[in-house]
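# model this:
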Amino acid sequence: LNEALDEYREAARLSPRYFRVHSNLGSLLDDMGRPEEALAEYHLALRLKSNLPTLHDGMGIVLVELGRFDEAMRQFDEAARLDPAYPWPHFQKGKVLLKQGRDAEAIDEFREALRIDPDNFQILAYTARVLAADENPEIRDGQTALMYAAKANVLSDGIQLFVLDALSVACADLGRFDDA
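Purely as a prediction, here's the structure:
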């Protein structure tokens, strides 16, 4: 990662107006556990190319890590506004809402992400896990969780561990312990 960081920094020096370099630097710095530096790079990228939903989404993710939820939600809203067919801002908003204890609203955002991209096995599995394990009985829905997890498992060829975990949790929630 450090070598990649050096290469990206050199690329940024050579092409300081290329938004993708700053976006990639932001992502890399975030992966390295340096969210403040990542945020600065996302700010630069957005100054250069403000109409890309992926940049707003990436900045929102970093803001969540920094505990700046309101700012993050604004970034996710902007990403969704820029591309209504992009599911990830809704997914990320759902995750923030879960952190805030607003589980019903979170499920609504996950369902919106799935409405946009019904075959996204990552979103299906995550939503299934939430539906099967939420502490609030009004939110829990084992049947839907099992349906989402089973679909995610088929879409991912049965080899993704987090999908299998979601499937197991959904089976357990329904009392199907042998299947779990």
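# now do the buried residues in stretch 129-149.
129-134, 140-142, 144-146, 148-149 (16 or more other C-beta atoms under 10 Å). Using the backbone N, CA and C atoms, a C-beta is placed for each residue, glycine as well.
# quick one: distance of it to the chain centre.
From the chain centre to the centre of stretch 129-149 is a distance of 19 Å (C-alpha atoms, centre = their mean, to the nearest Å).
# returning to what we had before: which ones among the buried residues of stretch 129-149 lie within helices?
Secondary structure assignment by DSSP state H places Arg129, Val130, Leu131, Ala132, Ala133, Gly142, Thr144, Ala145, Leu146, Tyr148, Ala149 of these in helices.
# in contact with the nearest residue to the fourth one once chain neighbours are set aside, which residues?
Okay, so that is Ala132. Closest residue to Ala132 apart from its sequence neighbours, by C-beta to C-beta, 6 or more residues apart in numbering: Ala145 at 3.7 Å. Counting by C-beta atoms under 8 Å, 6 or more residues apart in numbering, Ala145 touches Thr127, Ala128, Arg129, Val130, Leu131, Ala132, Ala166, Val169, Ala170, Asp173.
# correct me if wrong: the second one contacts Ala152.
It refers to Ala128. Yes. Ala128 lies in contact with Ala152 (C-beta atoms under 8 Å); the separation is 6.6 Å.
# between the two, which is the more surrounded one?
Legend: neighbour count by other C-beta atoms under 10 Å for Ala128 and Ala152, higher for Ala128 (30 against 27).
# which one of the buried residues of stretch 129-149 sits closest to Asp57?
Nearest to Asp57 among the buried residues of stretch 129-149, counting by C-beta to C-beta, is Val130 at 19.7 Å.
# list the residues that contact the most centrally placed residue in the chain.
Geometric centre of the chain, nearest residue: Gln92, 4.4 Å, by C-alpha atoms, centre = their mean. Shown in contact with Gln92 (C-beta under 8 Å, 6+ apart): Asp57, Gly60, Ile61, Val64, Ala72, Phe76.
# need the max-distance pair from the residues you listed.
Farthest pair in the contacts of Gln92, by C-beta to C-beta: Asp57 and Val64, 10.8 Å.
# around the nearest residue to Ala45 once chain neighbours are set aside, how many other residues sit close by?
Counting by C-beta to C-beta, 6+ apart, Ala45 lies nearest to His22, which is 3.8 Å off, once chain neighbours are set aside. Neighbour count for His22, taken as other C-beta under 10 Å: 26.
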